[in-house]
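Peer 1: coordinates for the following, if possible.
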Amino acid sequence: MLISLMVLSACAQVPTDPIARAVYDEANDPAEPTNRVIFDGNQWVDRNALQPVARTYQEYVPGGVRNGVRNFGQNLKAPVIAVNDVLQGNMNRAWTITQRFVVNTTVGGAGLFDVATDWDLPAHEADFGQTLGVWGVGPGPSVQLPLLGPSNLRDTVGTAIGLFGDPVAYVPGSTMQVVRMTGSVADAIDGRARMLDVTDDLEKNSLDYYAALRSMYAQRRAALIEEGKAGGLPAQTNGMSPPTMP
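Peer 2: Residues are numbered from 1 along each chain as shown. Predicted coordinates:
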């Protein structure tokens, strides 16, 4: 399917006007029938598995514990964020995220507490899809990934690269891999819980939930790539990165 999408993308006429290009990128979905079938399957899993767990987590787990889970999951992402910052030429961002990782892993109790934000080391996101975008690779057509949700051809390639590009994955020892897997699962549940209000409202008020999520994803990724191109540090936040799309 990805090869077919690449061919379709190469044949399509891409607008050069910035506004028209943004609209084109949001609606570039030549495999929409297939994507909608996958989307329906993802929605079934989301409604019957992810949402019940996320709602229970949000309702019964104390806020302080949720913050700890979030901080731990985000801290595990710091090494791969640093790798992408370097690949993008954003050395200041790479140095900041490296300091965050060291501070939160040590003073922050293995990442459970976000001490680094209070030390003027703000959090930011970076991944291989963003890196490809900073390098000038266009988003390509929309792709609906099983279980992972909305994406595009460029970010799908970035996701595949990310499977091999995370330095944490190469730390020897089964304990580290268990920690990494546990952190990823916990981060996914926390991220879905944080998105509940947004997706509930979007599903209730949009005429086409699939198209609305596709558009939201495209806009967020475009903003993230512009942030990577700018290379500056984001404004101080509570240390939490934006939740991922369902």
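
Peer 1: burial count for residue 140?
Peer 2: 25 (other Cβ atoms under 10 Å). Heads up, the C-betas are built off the backbone N, CA and C, glycines and all.

Peer 1: could you do residue 136 as well?
Peer 2: If we define neighbours as other Cβ under 10 Å, then residue 136 has 8 of them.

Peer 1: would you mind finding the longest helix in the chain?
Peer 2: helix 174-205 (DSSP state H).

Peer 1: just the buried residues of that helix, please?
Peer 2: 179, 183, 186-196, 199 (16 or more other Cβ atoms under 10 Å).

Peer 1: turn those into TSV, including distance to residue 42.
Peer 2: Conversion of the buried residues of helix 174-205 to TSV gives the following (distance: Cβ to Cβ, whole Å):
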residue	distance to residue 42
179	27
183	23
186	20
187	18
188	13
189	16
190	19
191	15
192	12
193	17
194	18
195	14
196	16
199	12
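
Peer 1: which of these sits closest to residue 31?
Peer 2: residue 199 (22.8 Å; Cβ to Cβ).

Peer 1: can you tell me how far that closest one sits from residue 124?
Peer 2: 24 Å (Cβ to Cβ, to the nearest Å).

Peer 1: hang on, the earlier thing: in CSV: the buried residues of helix 174-205, plus distance to residue 213 and pLDDT.
Peer 2: Below are the buried residues of helix 174-205 laid out as CSV (distance: Cβ to Cβ, whole Å; pLDDT from 0 to 100):
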residue, distance to residue 213, pLDDT
179, 31, 81
183, 26, 84
186, 23, 90
187, 20, 91
188, 17, 92
189, 19, 94
190, 19, 95
191, 15, 94
192, 13, 95
193, 17, 95
194, 16, 95
195, 10, 95
196, 14, 95
199, 8, 95
